[in-house]
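Engineer: Okay, here's the prediction I keep looking at, along with the sequence it came from:
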Amino acid sequence: MIWALLLAAASPAPAMPQLSQDRPALDYARLMDEAIDGGRIIQADAMLSQWRASAQPQDGRNIEIATTRLLLEKRRDEEALARFTALGQSGPADCRVDEGQGVALVRLGRFGQAVEPLRRAVAACATRWRAWNALAVAYDHAQSWALSLAAYERAFQLTDRPAQLLNNFGLSLLKQQQPERAAAIFEQARTLAPDDDRIIANGDTADIMSGREIGRRPGDSADRWAARLSHAGQVALAKGDPIAARAYLSRAVTEADIFIPEAAATLAAMESAIERDKP
C-alpha cells in the first residue's frame, strides 16, 4: 500500500487544459442594446468605452447608434434627435434609430412628427414596447383614441415594467375626460412605483377631477405633503372649484416646513379677486 502511494506521488500530474487564446469576440452591439433596454446606464457607459477601445472598422455605425441611444436615456433629447436624424439619413433602416427619433420627438412635444418614425419602428420590430408606448402618446395628442388604445395594449403585452405605461395610459384617460377610470389606473401605477412623483401628482389630479379629496400617504414628509396640497389647489382652481382650491392652498401654506411660493401666490391672487368683487 505504501509503495503504491509513493508511486502515485511520484507520477507526473496530469496536464491542465490550456485556455484558448482565441476567445470569441464579445457581441457588444447586442450587449449594449440589452443594457440600455434594461435601464443599466452605468454598465452601458462602461461597456461603450470598452467597445470603442477594441472596435473594428465595421462597428462604427452600431457604436454611433449605441452612443445616441445612451444620450436619449440621459434625457439629452435635442442632441439625441439630431444624431438619430443623421443616422436615419445616412445608412440602412434600423428600428432602433426610428424608435429613438420618435421618442425624442415625443419628449420635445413634436407629436405629429413623431408618428411616422414610430410607425416604421413598430412595423419593422413589432416587439419594441418603448416604440409602441411613444406611438400611443403621439396618438393621444392627435386625439386618435382607438389607435392610442391599440398601441397601449400592444405595449402592455411586451413589457414586465408597466408603471410608465400605466402613467401614460392614465393621462390618456384624463384627456378623454374619464377621471374615475384614470384614478384607478394611477392607483395601479402607484403600487408598482410608490415614490414616483409624477404618478403621485397625476393620481391626485384624477382624484380631484373625480370629486374626491386627496389623502396624505404614510411616506409623505411635511414638505412633500404641502407640495401635493399646492398641486391639488391648482387643479381644483382649473376645474372651477375655488372653495376646494382655497382650502388646499391654505393648507399648503400652513402645513409646510418650507415656503411654497406657488401656493402663496395663487392664494394671494384669489384673496385679491375676492376683495375686488366685494360691493
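Structural biologist: Looks like it came in fine.
Engineer: residue nearest the centroid of this protein?
Structural biologist: By CA atoms, centre = their mean, the chain has its centre lying nearest to Gln164, at 5.6 Å.
Engineer: how about the strands of this structure, start to end?
Structural biologist: With DSSP state E as the criterion, the chain has no strands.
Engineer: quick one: low-confidence parts of it?
Structural biologist: Scanning the chain for pLDDT under 70 picks out the ranges 1-24, 275, 277-279.
Engineer: re earlier: in contact with the residue nearest to the centre of the chain: list those residues for me.
Structural biologist: When contacts are counted by CB atoms under 8 Å, 6 or more residues apart in numbering, Gln164 touches Asn133. Just so you know, the C-beta spots here come from the backbone N, C-alpha and C atoms, and that holds for glycine as well.
Engineer: same thing with Gln50?
Structural biologist: Gln50 neighbours (CB under 8 Å, 6+ apart): Tyr28.
Engineer: From Gln43, how far out is it?
Structural biologist: 11 Å (CB to CB, to the nearest Å).
Engineer: go on, Gln157?
Structural biologist: Taken as CB to CB, the span from Gln157 to Gln43 is 27 Å.
Engineer: With neighbour numbers in mind, choose between these two.
Structural biologist: Remark: of Gln157 and Gln43, Gln43 carries more neighbours, 15 against 10, as counted by other CB atoms under 10 Å.
Engineer: which non-adjacent residue is nearest that one?
Structural biologist: Nearest non-adjacent residue to Gln43, counting by CB to CB, 6 or more residues apart in numbering: Ala35, 5.0 Å away.
Engineer: what's around the one you found, how many residues?
Structural biologist: Neighbour count for Ala35, taken as other CB under 10 Å: 22.
Engineer: do the same with Met209
Structural biologist: 20.
Engineer: got the CA coordinates for stretch 101-113 in PDB?
Structural biologist: Extracted as PDB, the C-alpha positions of stretch 101-113 are listed here (Å, rounded to 0.1, in the frame of the first residue of the first chain):
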ATOM      1  CA  GLN A 101     -36.000  59.600 -33.200                       C
ATOM      2  CA  GLY A 102     -39.700  59.100 -32.400                       C
ATOM      3  CA  VAL A 103     -39.200  59.000 -28.600                       C
ATOM      4  CA  ALA A 104     -37.100  62.200 -28.800                       C
ATOM      5  CA  LEU A 105     -39.700  64.000 -30.800                       C
ATOM      6  CA  VAL A 106     -42.400  63.000 -28.300                       C
ATOM      7  CA  ARG A 107     -40.400  64.300 -25.400                       C
ATOM      8  CA  LEU A 108     -39.800  67.500 -27.200                       C
ATOM      9  CA  GLY A 109     -43.500  68.000 -27.800                       C
ATOM     10  CA  ARG A 110     -43.300  67.400 -31.600                       C
ATOM     11  CA  PHE A 111     -46.000  64.700 -31.600                       C
ATOM     12  CA  GLY A 112     -47.100  65.000 -35.200                       C
ATOM     13  CA  GLN A 113     -43.600  64.500 -36.500                       C
END
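Engineer: Thanks a lot, see you next time.
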